[in-house]
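In: Starting from these lines, generate the structure:
(one chain, ligands or ions: 1)
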Amino acid sequence: MSDSAQLTSRPGVTDRVAAFTLEPAEHAVVTALMRHLAAEFPAAEGHEYLRAVALACHHLPDRLRSFLRDRRGLEDFAAFTLAGIEIDDSAIGPTPDGWGNQPDQSRTAAETTWLTLCGSVLGDLFGWATQQDGAIVHDIAPTPADEHSQVGSSSAELLWWHTEEAFHPLRCDYLGLLCLRNYDGVATTVSSLDGIELPADVRSVLFEPRFVIRPDDSHLPSRRCRPQVAAGKEADFMRAAERRIEQMNKRPQRVALLSGDFDSPYLAIDPFYMEVPADAVARAAFDAVCQALAGQLTEIVLRPGQILFVDNYRAVHGRKPFRAHYDGTDRWLKRINIARDLRKSRAFRLSSDSRIIY
Ligand SMILES: [Fe+2]
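Out: Next up is the predicted model:
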């Protein structure tokens with residue numbers, strides 16, 4: 001079912017990332033779906049678009065849906081890739097200099113739909129009210145002001161490996177990244193605890209709420225572009241969301257880094273936004289898990305048209321540093337968040353069918 005993954009720059013680690021490539025007949029089915037939806041929804045955003053994508057994903061080829069459902073059900077690979085869709089580099093337009101700056105989203109509507117269709121097989125797509133103005137599909141492209149920061153739009157600095165929204169109990173189950181352009185061969189990094197035997201006493205400590213993870217800077221109110229709604233339920237929700245982020249920054253609750261099954265635990269960790277624990281036992285356990293993850297870090301150079309799904313409960317991800325050109329040729333990804341059970345976040349969404357978490 002899965003092809004061998006020729007993805008990593010280090011030998012011997014390819015077996016940690018499952019890879020799937022469309023066959024010619026499957027390619028025809030997928031591109032027909034992409035084009036049909038892109039024609040109807042040129043912005044590739046909004047409630048009706050997500051509803052249409054969730055319905056249309058049932059028409060994806062059986063082999064592709066099986067591959068995705070097996071990864072979801074078996075939890076056998078912490079990261080997996082899909083390939084087989086080509087990108088017309090001139091048709092998609094230049095790389096924007098940051099999120100929200102793509103002048104014409106219709107130029108990438110079909111490509112975005114390749115990502116959202118596959119993501120919809122894994123679960124429900126959602127966005128954060130406090131990140132990229134509540135967009136469901138994010139742009140990941142370098143921004144001059146963020147060169148040395150620790151957010152997706154950085155470039156010159158190593159983006160430390162992390163769980164996406166590790167600080168938030170409603171973080172995504174899967175993170176989807178579609179590569180539109182990567183001339184410079186910038187490597188995405190992935191690691192997990194697969195195959196690592198952390199000592200039982202270390203795991204026990206990591207299962208205890210002894211650690212502090214603060215919100216990452218992508219959720220800061222200063223990054224908002226859209227003017228805030230002044231009154232009503234939406235405004236109340238937004239104020240409450242910003243208060244929660246502030247609270248998580250100023251008075252964070254201690255959390256466990258591991259959860260679920262003791263022998264095959266889920267993981268939430270973001271060392272850059274964490275405090276080194278003051279007590280020696282917690283600090284030693286923190287160091288041990290960081291060392292284990294760093295030791296298994298795999299580099300994946302995504303090619304245009306390729307999708308990387310990261311199981312956000314089992315894998316961490318990051319990015320190697322690179323020099324941005326800001327001339328429309330820089331690395332450009334589309335990103336989505338996927339929840340397996342949207343009901344868990346109902347108290348933080350305006351309606352049952354809203355996909356925005358406040
Ligand atoms: Fe991330």
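In: Please make it C-alpha for all contacts and neighbour counts, starting now.
Out: Fine.
In: got the residue ranges for the helices in the stretch 101-250 of the chain?
Out: Under the criterion DSSP state H, counting those that start in this stretch, helices of the stretch 101-250 of the chain are mapped to 109-122, 200-206, 233-250.
In: export those helices to a markdown table and tack on mean pLDDT?
Out: A markdown table is the format used below for the helices of the stretch 101-250 of the chain (pLDDT from 0 to 100):
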| stretch | mean pLDDT |
| --- | --- |
| helix 109-122 | 98 |
| helix 200-206 | 98 |
| helix 233-250 | 92 |
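In: From those helices, pick the one with the highest average neighbour count.
Out: helix 109-122 (a mean of 25; mean count of other Cα atoms under 10 Å).
In: How about stretch 72-85, which residues are buried there?
Out: 72, 77-85 (16 or more other Cα atoms under 10 Å).
In: Repeat that for stretch 349-357.
Out: Neighbour-count burial for stretch 349-357 [16+ other Cα under 10 Å]: 349, 355-357.
In: same check, this time on stretch 276-284
Out: Here stretch 276-284 shows 276-277, 282-283 as buried, counting by 16+ other Cα under 10 Å.
In: For the residues you listed, name the two members farthest from one another.
Out: Maximum pairwise distance in those, criterion Cα to Cα, is 8.7 Å, between 276 and 282.
In: In strands, which of the buried residues of stretch 349-357 appear?
Out: 356-357 (DSSP state E).
In: Present the buried residues of stretch 349-357 as a markdown table; the columns should include pLDDT.
Out: A markdown table is the format used below for the buried residues of stretch 349-357 (pLDDT from 0 to 100):
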| residue | pLDDT |
| --- | --- |
| 349 | 97 |
| 355 | 96 |
| 356 | 95 |
| 357 | 96 |
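In: can you give me the end-to-end distance of stretch 304-322?
Out: 17 Å (Cα to Cα, to the nearest Å).
In: Check the offset of that stretch from the chain's centre.
Out: 7 Å (Cα atoms, centre = their mean, to the nearest Å).
In: again, but for stretch 124-131
Out: On Cα atoms, centre = their mean, the centre of stretch 124-131 falls 11 Å from that of its chain.
In: Run through who's touching it.
Out: Identification of contacts with stretch 124-131 by Cα atoms under 8 Å, 6 or more residues apart in numbering yields 50, 54, 116, 119, 134-137, 218-221, 223-224, 238, 241-242, 336-342, 355-358.
In: Report the rounded mean pLDDT for that stretch.
Out: Averaged across stretch 124-131, pLDDT comes to 94.
In: Select from the buried residues of stretch 72-85 every entry located in helices.
Out: residue 72 (DSSP state H).
In: Out of the buried residues of stretch 72-85, flag the one nearest to residue 323.
Out: residue 81 (25.3 Å).
In: From residue 286, how far out is the residue lying farthest from the centre of the chain?
Out: What lies farthest from the middle of the chain is residue 280; by Cα atoms, centre = their mean that is 32.4 Å. Counting by Cα to Cα, the separation of residue 280 from residue 286 is 10 Å.
In: go on, residue 225?
Out: Relative to residue 286, and taking Cα to Cα, residue 225 is found at 36 Å.
In: Name the nearest of the buried residues of stretch 276-284 relative to residue 176.
Out: Nearest member of the buried residues of stretch 276-284 to residue 176, counting by Cα to Cα, is residue 276, at 29.5 Å.
In: The closest one and residue 283 touch, don't they?
Out: Yes. Counting by Cα atoms under 8 Å, residue 276 does reach residue 283; the two are 6.4 Å apart.
In: follow-up on the earlier one: out of the contacts of stretch 124-131, which are buried?
Out: 50, 54, 116, 119, 134-137, 218-219, 224, 238, 241-242, 336-340, 342, 355-358.
In: that older thread, would you turn the helices of the stretch 101-250 of the chain into CSV with distance to residue 155?
Out: Shown next, in CSV, are those (distance: least, Cα to Cα, whole Å):
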stretch, distance to residue 155
helix 109-122, 23
helix 200-206, 31
helix 233-250, 25
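In: how about those, which one is nearest residue 324?
Out: Of the helices of the stretch 101-250 of the chain, the one closest to residue 324 (Cα to Cα) turns out to be helix 109-122, at 23.0 Å.
In: Just to check, residue 86 is in contact with residue 307?
Out: No. Judged on Cα under 8 Å, residue 86 makes no contact with residue 307 at a distance of 11.4 Å.
In: Compare those two (neighbour count), which wins?
Out: Each of residue 86 and residue 307 has its neighbours counted (other Cα atoms under 10 Å); residue 307 has more, 28 against 14.
In: in the sheet, who's paired with that one?
Out: For residue 307, the beta-bridge partners under DSSP bridges are residue 82, residue 178.
In: roughly how far apart are it and residue 58?
Out: Look at residue 307 and residue 58: by Cα to Cα, they are 19 Å apart.
In: Check residue 251 too.
Out: Counting by Cα to Cα - residue 251 and residue 58 are separated by 44 Å.
In: Residue 333 touches residue 178, doesn't it?
Out: Yes. At 5.3 Å, residue 333 counts as touching residue 178 under the criterion of Cα under 8 Å.
In: Contacts only, for the most centrally placed residue in the chain.
Out: In the chain, the residue lying closest to the centroid (Cα atoms, centre = their mean) is residue 175, at 2.9 Å. For residue 175, the contacting residues are 164, 309-312, 335-338, by Cα under 8 Å, 6+ apart.
In: wait, which of those residues is closest to residue 68?
Out: residue 309 (9.6 Å).
In: per-residue pLDDT, that closest one?
Out: pLDDT, residue 309: 98.
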